[in-house]
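> Need coordinates for the below:
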Amino acid sequence: MITLYTFGPMFGLPDASPFVTKAEMLLKLSGLEYQTDTRGFPRAPKGKLPYIAENGTIVADSTLIRLYLETKHHTDFDRGLSVRDRGTAWAVEKMLEEQLYWAMVRWRWLDDANFAKGPKTFFQRAPGFIRPLVERMVRGKVRKTLHAHGIGRHNDEEMQAMAERGFTAVAQVLGDNRYFMGDEPCGADATVFAFVACGLAPWFDSPLQKKLQSMPNLVAYRDRMMSQFFPDFAKP
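A predicted model of the protein is given here:
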């Protein structure tokens, strides 16, 4: 059986990390039997989650997990898509992961109010007398990472404009489809659902969340996918 190492449910989401949710969605779409384990972070081979283990094989990173499922288990997540649509789906995934994710990181980690409601809870195990120091250190690393990426060099208004354009493109590709690329789920649904759900999470308040709330097809898509794949987190 495949074991998926996760952070666990948090912030009203199936997992604190959209990359972990993406990996679990891929496993659900594959139809393979799996289990989750929230105790794997200290042994994470690349210092991050998700990763999977199967019969002694360890695969770290959500994209590499997909490639593993495709090669090892012969799962064609995009079997119903044309060559052109496969390319479009992959490009949207990478836009979400390589640009829009970092805008969400900015609002979750560097906004003081959102940090207090969310990421601050990650540090509860640290001794109280050093906890503020650890928090400042980690937030400083996040800020440096955003700067190195490039998106952290923009002011809030510039970053918001870029993120809105990106999510508008996601909404345009989705259109009136039930799933991201049509009537059947594909590999991109794992990524698109994970990141749209993360961006819409009511736990965090940001201009980006408000923009996503104004996009009815993305909100409806989140609700449909949550009800189908993670019913415990769906709206009553």
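
> and this protein, what are its domains?
Annotated domains of the chain cover 2-72, 83-233 [automatic domain parsing].

> Rebuild those domains as a markdown table, extending it with mean pLDDT.
Formatted as a markdown table, these follow (pLDDT from 0 to 100):
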| stretch | mean pLDDT |
| --- | --- |
| domain 2-72 | 97 |
| domain 83-233 | 95 |
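
> next one: phi and psi at His74?
Backbone torsions for His74, taken as degrees, to the nearest 10, come to phi 60, psi 40.

> what's around it, how many residues?
Around His74 there are 8 other residues, counting by other CB atoms under 10 Å. Bear in mind the C-beta positions are built from the backbone N, C-alpha and C, glycine included.

> Quick one: the helices in this protein, in order.
Secondary structure of the chain, counting by DSSP state H: helices at 18-30, 62-72, 83-95, 101-105, 112-117, 131-149, 156-174, 187-200, 207-213, 216-229.

> would JSON lines of those with mean neighbour count and distance to Thr3 be doable?
Output for the helices of the chain, formatted as JSON lines (neighbours: other CB atoms under 10 Å; distance: least, CB to CB, whole Å):
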{"stretch": "helix 18-30", "mean neighbour count": "24", "distance to Thr3": "10"}
{"stretch": "helix 62-72", "mean neighbour count": "18", "distance to Thr3": "12"}
{"stretch": "helix 83-95", "mean neighbour count": "15", "distance to Thr3": "24"}
{"stretch": "helix 101-105", "mean neighbour count": "20", "distance to Thr3": "25"}
{"stretch": "helix 112-117", "mean neighbour count": "14", "distance to Thr3": "30"}
{"stretch": "helix 131-149", "mean neighbour count": "13", "distance to Thr3": "27"}
{"stretch": "helix 156-174", "mean neighbour count": "16", "distance to Thr3": "31"}
{"stretch": "helix 187-200", "mean neighbour count": "26", "distance to Thr3": "18"}
{"stretch": "helix 207-213", "mean neighbour count": "17", "distance to Thr3": "32"}
{"stretch": "helix 216-229", "mean neighbour count": "17", "distance to Thr3": "19"}
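
> okay if I get these as TSV plus distance to Met1?
Below are the helices of the chain laid out as TSV (distance: least, CB to CB, whole Å):
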stretch	distance to Met1
helix 18-30	11
helix 62-72	14
helix 83-95	27
helix 101-105	29
helix 112-117	35
helix 131-149	34
helix 156-174	33
helix 187-200	20
helix 207-213	36
helix 216-229	19
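
> Please consider this matter closed, and thank you.
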